[in-house]
Structure formats: C-alpha cells, structure tokens
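A.B. asks: quick one: sequence plus predicted model below, questions after.
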Amino acid sequence: MKNIAAIALLTTTLGFAGIAKAEDMVFTSWGGTTQDAQKANWADNFSAKSNVTVTQDGPTDYGKIKAMVEAGNVTWDAVDVEGDYAVQAGNAGLLEKLDFSVIDKSKLDPRFVTDFSVGSFYYSFVIGCNKDAVKACPKTWADLFDTAKFPGKRTFYKWSAPGVIEAALLADGVPADKLYPLDLDRAFKKLDTIKSDIVWWDSGAQSQQLLASAEAPYGSFWNGRLTALAQTGVTVDASWDHNITAADSLVVPKGAKNKDAAMKFIAYATSGEAQAKFAAATGYAPINVDSAAQMDPALRKTLPDMQADTQVNADMYYWAEHRDDIGTRWYAWQAK
C-alpha cells in the first residue's frame, strides 16, 4: 500500500513524467499528411515529454466509435473528428466530458470548445484552381458555379458536411449572414445546375490529385491541401473570397481505457507551441490564441484566421442538430 501511495504522489507531482506505461494510448485521425503532422508535432513530442507511447490508428470512423462505446470495448483514446460530429456525439452520450483542470480552455478559441470537445485545428474551404490548365480562374462561389465562363469539371467534397451546401447558397446570392437555417431546396436546385460537371473528392489527397492532373482544374478545397500542393510545384491559385470555415475537434470516446493519458495528450496537442508547429506544417489555423506569437508573420498571413474579411463560419451546432437529415437527403441526391 505504501508503494501505491508513493506512485500516486509521484504521478501528481511530476505531471507528464508520472504517467505510467499502463496509460499508453491510441490516437486516431484521418490519415494522410494531416495525421503525419499530428504525429510529428503532437504525438511524438508528447511521448518524449511524458514517456507515454502514442499508437496511431485510423481512419476515424463514427460507426466504429458508436459500436465500441455500445459494446463497452473502446480501443481508441483520443480521436480527431469533425466539429459538428463532436457536438452531436457529445449530446448522444458517446463521449467523455473533457477534464478542463488538465486542458487549459482559457487559451482556446471559444468557437471550438464544448464540454466534450476542443478544436484540433480549423480550416477553410476555398476556391482552388490549376492556373496552368485553364485560361482563367474562378474567384467567387458564383464563378465556380458558372459553367459558361468556367467550362469543364469542378471538384467538391463528397461527404455530407459543412461546406458544399453553404457554397451553393452563396453562389445563388444568399447573404453570408442569412445562410442559416440552410435552405436545402434552394441549395440542391443550385447544385443541380452543375451536377454533371462535378467530380467528387473523398479525401484531401484525392482533391490534390484531381487538381494537379487537371481532371478537375478548379473546385472547393481544404486550404491546407492547396498550400501543400503548391509546395510540390503545381501552379495553384487560391481565392479566399467568402472562405467557409469549419473545424476538426479532439474527443475522448466514452469508456476509453486510457482516459487520463488522453486528457494530457489533448492538453499538449492544444498548447500554444504544439498548435503553432502543426499550423506551420499544414497551413491550417491554430485554435490556441497564444500560437500566433510563436509563428513566422509571413506564414501567419496565409492561414484561415487571417482571412476574416469575407470569412463565413459554418454553424457546427446547426449541423450537429440536422446532420442525419441533411446526410439522408445529400446521399439520395448524389445517387440520382
């Protein structure tokens, strides 16, 4: 008993250094360059500071989270999910409440904080174009939906999520501050006008391939994917006009076996330093308010949080409430 008490005291006193190997944990995300950056800038550094081995898994799968929780056999500890799902899953009892005595939420963008989640990073859907493949690049969502001025294929995100419906409504003239509640009839009517010209991307890597090959020389993209593509030598044009922001969030599934380690991991991943390094590596915006001062000012100018003049914030709470209904209609429309 004395040994157990001593270990407990050591854990309390040393914080990161006191996490026992029994608390080694699993971090799950979407794969690709984003998870590579999360591993390099969050998981590996956290492991070095805490002596906790963070095993990587993925891709994130909402059906699997639900099945794990319901079966009482949760093998994921911290998971990167979409912001609207985080709200929905928290309300549905699928997530642990976060321990804000460990995670300092006072330093985090309040737009992306709930009882069950904190922002992982935030990004914008922007209009991207392969300048070498076309005569002119679209600058507005209305341009992207104009097949007369901008003929050819255009690419959009395949899955039901914030971004495409908002873009369709903006292209049809809906003011940014009047988007919600979403007029789905109007949005799908606008999408009908370009449906035959849409090539869907289901991953960030595929969106880059479509643009680089000019199979779809323009479309809607996560801003970080355009940044990464430009670094490979592709002549990319990006328009931030009415860029549509959304966020990923970090959550802990209900019943996670290594909950304490997961809370400490999330605390580190959302720290000013870790967020600054991840933002520099990916082109996505940090959610820690202290990160900006730790970044190259020139790089900062290229991130979503510096493109606020015409920025449109997707309503995560609206999407959480209507996620299932919108998804049912979205996939039925795609299948027609």
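C.D. replies: Received the coordinates, thanks.
A.B. asks: every contact and neighbour count from this point should use C-alpha atoms.
C.D. replies: Will do.
A.B. asks: any weak-confidence spans in this protein?
C.D. replies: Filtered on pLDDT under 70, the chain yields the residue ranges 1-23.
A.B. asks: which residues in it form strands?
C.D. replies: In the chain, the strands defined using DSSP state E lie at 25-28, 54-57, 78-82, 118-130, 154-157, 198-201, 218-222, 236-251, 312-313.
A.B. asks: including distance to Gly173 and mean neighbour count, could these go into a markdown table?
C.D. replies: Below are the strands of the chain laid out as a markdown table (distance: least, C-alpha to C-alpha, whole Å; neighbours: other C-alpha atoms under 10 Å):
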| stretch | distance to Gly173 | mean neighbour count |
| --- | --- | --- |
| strand 25-28 | 39 | 24 |
| strand 54-57 | 42 | 18 |
| strand 78-82 | 27 | 24 |
| strand 118-130 | 17 | 27 |
| strand 154-157 | 19 | 23 |
| strand 198-201 | 20 | 18 |
| strand 218-222 | 18 | 27 |
| strand 236-251 | 12 | 23 |
| strand 312-313 | 14 | 21 |
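A.B. asks: would JSON lines of these with distance to Ala48 be doable?
C.D. replies: Listed next are the strands of the chain as JSON lines, based on distance: least, C-alpha to C-alpha, whole Å:
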{"stretch": "strand 25-28", "distance to Ala48": "14"}
{"stretch": "strand 54-57", "distance to Ala48": "10"}
{"stretch": "strand 78-82", "distance to Ala48": "18"}
{"stretch": "strand 118-130", "distance to Ala48": "20"}
{"stretch": "strand 154-157", "distance to Ala48": "36"}
{"stretch": "strand 198-201", "distance to Ala48": "36"}
{"stretch": "strand 218-222", "distance to Ala48": "31"}
{"stretch": "strand 236-251", "distance to Ala48": "21"}
{"stretch": "strand 312-313", "distance to Ala48": "36"}
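A.B. asks: please name the bridge partners of Trp80.
C.D. replies: One correction, residue 80 is Asp, not Trp. Counting by DSSP bridges, Asp80 forms beta bridges with Leu250.
A.B. asks: my guess is it contacts Ala247. True?
C.D. replies: No: in this structure, Asp80 is not within contact of Ala247 by C-alpha atoms under 8 Å, at 10.2 Å.
A.B. asks: which residue, other than its chain neighbours, is closest to Asp44?
C.D. replies: Val54 (7.5 Å; C-alpha to C-alpha, 6 or more residues apart in numbering).
A.B. asks: ok so, going back, tell me, what's touching Asp80 and Ala247 both at once?
C.D. replies: Residues touching both Asp80 and Ala247 by C-alpha atoms under 8 Å, 6 or more residues apart in numbering: Ser120.
A.B. asks: please report the distance of Pro59 from Trp30.
C.D. replies: 4 Å (C-alpha to C-alpha, to the nearest Å).
A.B. asks: between these two, which has more neighbouring residues?
C.D. replies: More neighbours surround Trp30 than the other of Pro59 and Trp30, with 18 against 14 (other C-alpha atoms under 10 Å).
A.B. asks: nearest residue to the middle of the protein?
C.D. replies: Geometric centre of the chain, nearest residue: Asp248, 3.1 Å, by C-alpha atoms, centre = their mean.
A.B. asks: gap between it and Asp80?
C.D. replies: For Asp248 relative to Asp80 (C-alpha to C-alpha), the value is 6 Å.
A.B. asks: what sits in contact with each of these two?
C.D. replies: Joint contacts of Asp248 and Asp80 (C-alpha under 8 Å, 6+ apart) are Ser120.
A.B. asks: and the contacts of the longest helix along the chain?
C.D. replies: Once the chain is assigned using DSSP state H, the helix that runs over the most residues is helix 316-335. The contact list for helix 316-335 (C-alpha under 8 Å, 6+ apart) reads 83-88, 160-162, 180-181, 246.
A.B. asks: kindly write the ChimeraX command that selects the buried subset of those residues.
C.D. replies: In ChimeraX syntax, the buried subset of the contacts of helix 316-335 is picked out as below (16 or more other C-alpha atoms under 10 Å):
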select :83,84,85,86,87,88,160,161,162,246
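A.B. asks: and the contacts of helix 316-335 as JSON lines, adding distance to Asn41?
C.D. replies: Below are those laid out as JSON lines (distance: C-alpha to C-alpha, whole Å):
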{"residue": "Gly83", "distance to Asn41": "21"}
{"residue": "Asp84", "distance to Asn41": "25"}
{"residue": "Tyr85", "distance to Asn41": "24"}
{"residue": "Ala86", "distance to Asn41": "23"}
{"residue": "Val87", "distance to Asn41": "26"}
{"residue": "Gln88", "distance to Asn41": "28"}
{"residue": "Ser160", "distance to Asn41": "29"}
{"residue": "Ala161", "distance to Asn41": "27"}
{"residue": "Pro162", "distance to Asn41": "27"}
{"residue": "Tyr180", "distance to Asn41": "36"}
{"residue": "Pro181", "distance to Asn41": "38"}
{"residue": "Ala246", "distance to Asn41": "21"}
